[in-house]
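Colleague: I'll drop the sequence and a predicted model, then ask my questions.
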Amino acid sequence: MARTWSTPALAVLCTAGVVLLGGTAIFLASLFLEVAPTNALSQRYRSELDQVVYPEFEQNWKLFAPNPLQQNLAVDARVQTISATDQVHTRDWIGLTAQDIAAIRGNPAPSHVDQNMLRRAWDFYDSTHTAQDGTVAVTVDAERAQLAEEYLKRIGLQRLGRTQGGERVLQIQFRQRTVDIAPPSWSAEQTPGAVADRVLPWWPVDDSDYQGLG
Amino acid sequence: MSTPQETERQLPAGIPRRTGPEQPGPPAVPGRLERAFATFTGRALGPYQAAVVRIGFGLAWAAYLLREWPNRRVLYGDRSPWSDGLAARLLAQNHAFTVLGWYHGRLWFELVYHLAIVSAVLLMLGWRTRASGALFMVTVLSLQNHNVLVGDGGDNVVHLMAIYLVVTRCAEVWSLDARRGREGTVWLWSLLGFALAAGPPGWLWALWAVAGVWYAVNRWRPEGELRAVLDALANMLHNCGMLVIAAQVVLIYSTAGWYKVQGSRWQDGTALHYPLHLDYFTPWPGLSGLLGSSLLLVFLLSYGTVILQVAFPFTLFNRRLKNVLLVLMMLEHAGIAVTLGLPFFSLAMIAADAVFLPTAALRWLGRALGRSARSV
């Protein structure tokens, strides 16, 4: 049986009810506008929407949509080392993605270290940089671009270490190879032509880049 | 715009309105408005659904943290390529919440990581759920916001649900709290107060204060109207929280479905072929190859996925259809767990789906599990 409330209690409950339901409605409407395609309403209230959704209620549900990724991206890295007699040697490319894949194969619960770290660091780098030479796009936040660079560099350095062949690492370079996934066997589609490798510039390495990498 | 009359209607049909056997009989013909108000303030709707979401997310996050235990320092800690310095620069931009920035060094990180495991397990068990739920949220946010760049969709769902669960009364059933029949102790509350005092002032104090008031009123005015008002407020908050959880799940599927409809690969029915050949998501290339080798199977699964995701929100208005789709979606996620190597993502999604399971099915499941547990 519903309880009989005193007037002040009823006032509190009704006010709270209005606030809670109103707040819930506004919150859900914001989430909806956030995941909907850009539209007149969401453009008009962009900053208000961002205030509700970011940083803690981010929505990113375009899983394999509108199209799944149709390429395998592989990131490789190599270093230049310097000998005691100041001779610089360029070392061989090492497949960082290949290491990830090796760890994922046959693993029922792949680690985020193997499945996400390098993959998403590259995405982050890619989204903050344009062009083959790795120059920063004018429109993109320069601070984030820098963060992405440093992060990628440290991921490479953690895997390749401080020395190679007994020589100190001087610089590091990354490249990305793109291999298109062939269409299914029953499809009449042609496999797309090969995509050129994307090679980033050499990045100088100093001791501070290794901080905490163990 | 939000009279109590509307509240009843706002609850999606997927969340069952009936509660356990303690439900009082129908009131003596009050108006619809009064009835809606009494429901909204009088009880925490969907107690079994809230419990299964709590257990599911506690389990998913605990399992994930235990699996990553050997890698914890590389993912979120002192060995991470995403150093404290880089994290601090990004946090200065996005203002996300994390306690990891309170102190530097390994000790603090280890404390937070292990507290995250403990709170996830305690949340799952429903032990001091007010406190363990708040700790769960704080630790989930802290670890994930410290390094957002290692997460995927599964982490995103855990992040959101960790926040939503805090406002729900998710330990009314299937919890140690429910079994013991009372909640709240001064020692835990004081301990958390000391812990909060160690950090900068923030909104967490509000949660702490509310817990304190609730305890005090229960202790000294258990029969008073104030206690009843607080109880009603908690019910209202819970009911709004459950609505948000359900709406969030609907949004996930709607977004995933509607954007797929626009994709040429989903239209030509070959979409599934591609993820099955992505190196990062093929722990079992033989199995993926086998699944992807059949035109009919790839077509049916591709089209089926889109139909399922697009249709799901609308089936909420038909119990039977909703339940069929729910089972199919859970099965699909179980399949994804194995074939794409995403067990924690899948577990989180299944836990989220479970908010729409019917009460009867959940209680049957609970009894079956209880029986098998006793026989073991």
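Modeller: Noted; the coordinates are in hand. Given the structure is predicted, the values throughout are model-derived calculations rather than measurements.

Colleague: tell me the pLDDT at residue 62?
Modeller: If you meant another chain, say so; for now it's chain A. Turning to residue A:62, the model gives it a pLDDT of 85.

Colleague: please refer instead to chain B.
Modeller: Looking at residue B:62, its pLDDT reads 98.

Colleague: model confidence score at the residue nearest the centre of chain B, please.
Modeller: The centroid of chain B falls nearest to residue B:161 when counting by CA atoms, centre = their mean (3.5 Å). Residue-level confidence at residue B:161 comes out at 98, pLDDT.

Colleague: same thing with residue A:192?
Modeller: Looking at residue A:192, its pLDDT stands at 78.

Colleague: got a list of what it touches?
Modeller: Contact partners of residue A:192, counting by CB atoms under 8 Å, 6 or more residues apart in numbering or on different chains, are residue A:180. The way it works is simple: take the backbone N, C-alpha and C, and place the C-beta from them, glycine included.

Colleague: so how far is chain B from it?
Modeller: Residue A:192 sits 13 Å away from chain B, going by CB to the nearest CB, to the nearest Å.

Colleague: and that residue, backbone torsions?
Modeller: phi -60, psi 150 (degrees, to the nearest 10).

Colleague: the lengthiest strand in chain A near chain B at all?
Modeller: In chain A, taking DSSP state E as the definition, the longest strand is strand A:167-180. No: applying CB under 8 Å from any CB of the partner chain, one finds strand A:167-180 out of contact with chain B, separated by at least 8.9 Å.

Colleague: ok, and for that strand, which residues are buried?
Modeller: Buried residues in strand A:167-180, counted by 16 or more other CB atoms under 10 Å in any protein chain shown: A:167, A:169-174, A:176-177.

Colleague: then stretch A:62-81?
Modeller: By 16+ other CB under 10 Å, the buried positions in stretch A:62-81 come out as A:62-68, A:70, A:72-81.

Colleague: also near chain B: which of those residues, exactly?
Modeller: Within these, those near chain B by CB under 8 Å from any CB are A:62-68, A:70, A:72, A:74.

Colleague: excluding chain neighbours, what is closest to residue A:107?
Modeller: Counting by CB to CB, 6 or more residues apart in numbering or on different chains, residue A:107 lies nearest to residue B:283, which is 5.4 Å off, once chain neighbours are set aside.

Colleague: quick check, that neighbour in a helix?
Modeller: No: secondary structure of residue B:283 (DSSP: H, G, I helix; E, B strand; the rest coil): coil, not part of a helix.

Colleague: let's verify the most centrally placed residue in chain A: helix, strand, or coil?
Modeller: Closest residue to the average C-alpha location of chain A: residue A:120 at 3.2 Å, with CA atoms, centre = their mean. Following three-state DSSP, we place residue A:120 in the helix state.

Colleague: from chain B, how far off is it?
Modeller: Distance from residue A:120 to chain B, by CB to the nearest CB: 5 Å.

Colleague: you'd agree that residue is up against residue B:155?
Modeller: No: applying CB atoms under 8 Å, one finds residue A:120 not in contact with residue B:155, separated by 10.9 Å.

Colleague: residue ranges of the helices in chain A, please?
Modeller: A:7-35, A:40-44, A:46-53, A:96-104, A:112, A:118-128, A:142-160 (DSSP state H).

Colleague: just send these back as TSV, with distance to residue B:200 and mean pLDDT too.
Modeller: Below are the helices of chain A laid out as TSV (distance: least, CB to CB, whole Å; pLDDT from 0 to 100):
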stretch	distance to residue B:200	mean pLDDT
helix A:7-35	26	97
helix A:40-44	33	96
helix A:46-53	21	95
helix A:96-104	38	98
helix A:112	29	98
helix A:118-128	28	95
helix A:142-160	23	96
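
Colleague: tell me which of those helices sits most buried.
Modeller: Comparing these by mean neighbour count (mean count of other CB atoms under 10 Å in any protein chain shown), helix A:112 comes out on top with a mean of 24.

Colleague: that older thread, quick one, what contacts the residue nearest to the centre of chain A?
Modeller: Counting by CB under 8 Å, 6+ apart, residue A:120 has contacts B:149-151.

Colleague: how about a cut-off of 10 Å?
Modeller: Residues near residue A:120 by CB atoms under 10 Å, 6 or more residues apart in numbering or on different chains: A:112, A:151, B:147-152.

Colleague: how close does residue B:120 sit to residue A:189?
Modeller: 46 Å (CB to CB, to the nearest Å).
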